[in-house]
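1. got a predicted model here, sequence first, then my questions.
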Amino acid sequence: GGGGAGELEMQRLMECERRFAALKREGKHLLALEQMEMSVFLRKQIYGEESREVTKACQVFTTSCNTLAMNCLQKDDYMKAYELLKKAELLTEPRGYL
């Protein structure tokens, strides 16, 4: 049956969360954001698009995108800031890409 797939996704999610925490501790926020993005994607697969898990993860992700974008603006890194804000925008659209 499909039970095994859910278990695999769950393991991938836990691994993703571990990497995210480690990268954040090391101050590698952009890399950590990639892990967070993946965790949103995995949560959608595990819990379904409309779940509270996904909503919460999306909120955290968009907040992080906005925070990092502001940091980039302070360093005059406008392209990176734009990219981050675009990610946040895409994610919050009704037909989000994740």
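-> In hand now; what should we look at?

2. contacts only, for Cys65.
-> Leu33, Leu84, Leu85, Lys87, Ala88, Leu91 (CB atoms under 8 Å, 6 or more residues apart in numbering). (Each C-beta comes from the backbone N, C-alpha and C, glycine too.)

3. try 7 Å
-> Residues counted as contacts of Cys65 (CB atoms under 7 Å, 6 or more residues apart in numbering) are Leu33, Leu84, Leu85, Lys87, Ala88.

4. likewise Glu37?
-> Glu37 touches Phe61, counting by CB under 7 Å, 6+ apart.

5. and Met79, what helix or strand is that in?
-> According to DSSP states H and E, Met79 maps onto helix 78-92.

6. any buried residues in that helix, and which?
-> Of the residues in helix 78-92, Ala81, Glu83, Leu84, Leu85, Lys87, Ala88, Leu91 count as buried by neighbour count, 16 or more other CB atoms under 10 Å.

7. need the max-distance pair from the contacts of Cys65.
-> Leu33 and Leu85 (12.4 Å; CB to CB).

8. what comes into contact with stretch 70-83?
-> Residues outside stretch 70-83 that contact it (CB under 7 Å, 6+ apart): Ala69, Leu84.

9. ramachandran angles for Ala76?
-> No, residue 76 isn't Ala; it's Asp. Here is the backbone geometry of Asp76 (degrees, to the nearest 10): phi 60, psi 30.

10. now do the helices in the chain.
-> For the chain, applying DSSP state H gives helices covering 3-25, 29-47, 52-74, 78-92.
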